[in-house]
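J.: here is the input, now give the coordinates:
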Amino acid sequence: MRHALETAALPADAIEIGRIADAWGIKGWFKVLPHSASPEALFSAKNWFLLPPERPMKPQRATQAAVAVPPVWTEPLLLNLKEVKDHSDTVVACAQGIEDRNAAEALRGARIFVPRSHFPAAADGEYYWVDLIGLQVINREGLNLGQVRDLMSTGPQTVLVIESEPAGEGGKPTERMIPFVSAFVDGVDLPGKCITVDWQPDY
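T.: Okay, here's the model as predicted:
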């Protein structure tokens, strides 16, 4: 039987932006867990690339219904979206070839990727988290405080998680957390891969 979803090469600039949580309803809709509190890329993209879960999901009971997704898959699948929308505190979506609950359940745990080039343009003074990860953080005195390893949302603001190089042989990296707000962040230089902050190493 030919599967409804086609395999496709994962774009070189593909970014993981969320995961499929479970089926939603009986008509092929599914719930999505975005990785960001502002998942604009989920809504702007017409296609998602899916990779299987990092860990195998628990097997579902077999049914007579045709399932659009191969029971074992390792290659990226191309998902052509029909609709993506907010629902309560989550995101739900439906796609071509996913026509019933069984097909939606087969996507549980799938990782969602979108090419970075397809992200909508960020507003002036706003940045995508993925663009900040890996940037060096320098304070006003020119001291390198480390590299952005992650970001966290703490409700009203975002926090940069900075990891510095180990001090000496056998040392452990130092972790710092700096609120990503204008009071502490002087500027972001994406081409220069640098963030300038008003922050001291002993804070």
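
J.: list the contacts of Gly134.
T.: By C-beta atoms under 8 Å, 6 or more residues apart in numbering, the residues touching Gly134 are 147-148, 193. Heads up, the C-betas are built off the backbone N, CA and C, glycines and all.

J.: repeat that with 10 Å
T.: Gly134 makes contacts with 147-149, 193, as judged by C-beta atoms under 10 Å, 6 or more residues apart in numbering.

J.: please parse this protein into its domains.
T.: Each structural domain of the chain that the record assigns through automatic domain parsing is listed here as a residue range: 6-118, 129-197.

J.: ok, Tyr203 to Ala123 distance?
T.: 29 Å (C-beta to C-beta, to the nearest Å).

J.: who has more neighbours, the two?
T.: In this view Tyr203 and Ala123 are compared by other C-beta atoms under 10 Å, and Tyr203 has more residues nearby, 11 against 7.

J.: circling back: who wins on neighbours among the contacts of Gly134?
T.: Top of the contacts of Gly134 by neighbour number is Val148, holding 22 neighbours under the definition other C-beta under 10 Å.

J.: quick check, Thr7 in contact with Glu75.
T.: Yes: taking contact to mean C-beta atoms under 10 Å, the distance of 4.2 Å between Thr7 and Glu75 places them in contact.

J.: hey, what's in contact with both of those two?
T.: Between them, Thr7 and Glu75 have Leu50 as joint contacts when contacts are counted by C-beta under 10 Å, 6+ apart.

J.: follow-up on the earlier one: mind putting the domains of the chain into a markdown table with mean pLDDT?
T.: Below are the domains of the chain laid out as a markdown table (pLDDT from 0 to 100):
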| stretch | mean pLDDT |
| --- | --- |
| domain 6-118 | 84 |
| domain 129-197 | 90 |
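
J.: just the ones you listed: most buried one?
T.: domain 6-118 (a mean of 16; mean count of other C-beta atoms under 10 Å).

J.: can you give me the end-to-end span of it?
T.: Taking C-alpha to C-alpha, to the nearest Å as the measure, domain 6-118 stretches 20 Å from start to finish.
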